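Undergrad: heads up, no residue letters with this:
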């Protein structure tokens with residue numbers, strides 16, 4: 001659906017089988033990364049972001065005036081965002097503990113209460129959250145642009161208009 005990073009639909013004067021045949025050939029030439037045939041009327045291709053990649057799930061439907069209508073749906077691959085969140089959460093407490101122990105070791109004037117370090121360390125760590133959000137949005141924009149580029153390549157290969 002447009003608005004989720006997916007390109008606009010493409011109308012082609014070919015049947016679903018002809019579309020898939022041409023696109024399989026395109027993928028074998030290395031021009032359609034991540035191509036995976038899913039059914040007689042569906043396939044999937046890679047949609048690269050800066051860090052957080054997506055996939056374009058594509059359905060081939062009968063067109064209004066014969067031929068086919070090719071619709072795209074963009075789906076986030078959740079592994080990378082999950083890894084970032086898990087690493088951030090799993091390193092928070094060890095980071096507080098390590099920082100507290102090092103400050104106490106090197107500076108005899110540093111307070112011995114653990115909560116003092118946690119009181120400034122945790123908010124300081126959370127300052128990274130807005131940066132991660134900007135990184136995610138930039139990745140979404142890059143993935144959307146890659147999706148549009150992929151759709152243009154598909155349209156060109158099929159001799160179709162967008």
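TA: The structure has been received and is ready for your questions. All figures in this text were calculated on a predicted structure; none of them were measured in a lab.
Undergrad: low-confidence ranges in this structure?
TA: 1-4, 161-162 (pLDDT under 70).
Undergrad: Closest to the centroid, which residue in this structure?
TA: By CA atoms, centre = their mean, the chain has its centre lying nearest to residue 53, at 2.7 Å.
Undergrad: wait, what's in contact with that one?
TA: Residues near residue 53 by CB atoms under 8 Å, 6 or more residues apart in numbering: 46-47, 77, 80, 143. For glycine as for every other residue, the C-beta is placed from the backbone atoms N, C-alpha and C.
Undergrad: Mind jotting down where the strands sit in this protein?
TA: With DSSP state E as the criterion, the chain has strands at 10-12, 36-39, 42-47, 54-62, 68-76.
Undergrad: elements contacting the first one?
TA: Which is strand 10-12. Of the remaining helices and strands, those touching strand 10-12 by 3 or more CB pairs under 8 Å, 6 or more residues apart in numbering; DSSP states H and E are strand 68-76, helix 128-158.
Undergrad: chain center to it, what's the gap?
TA: Here the centre of strand 10-12 is set off from its chain's centre by 25 Å, with CA atoms, centre = their mean, to the nearest Å.
Undergrad: List the contacts of it.
TA: With contact meaning CB under 8 Å, 6+ apart, strand 10-12 is reached by 19, 63-64, 67-70, 151, 154-155, 158-162.
Undergrad: Neighbour-wise, give me the winner out of the residues you listed.
TA: When the contacts of strand 10-12 are compared by neighbour count (other CB atoms under 10 Å), residue 70 ends up highest, at 28 neighbours.
Undergrad: how long is stretch 39-56 from one end to the other?
TA: 14 Å (CA to CA, to the nearest Å).
Undergrad: So for that stretch, what gets flagged as buried?
TA: Under the neighbour-count criterion of 16 or more other CB atoms under 10 Å, stretch 39-56 has 41-49, 52-56 buried.
Undergrad: Could you do stretch 111-126 as well?
TA: Residues of stretch 111-126 classed as buried by neighbour count (16+ other CB under 10 Å): 117-118, 121.
Undergrad: Check what contacts that stretch and list those residues.
TA: Identification of contacts with stretch 111-126 by CB under 8 Å, 6+ apart yields 88, 92, 95-97, 99-100, 103-104.
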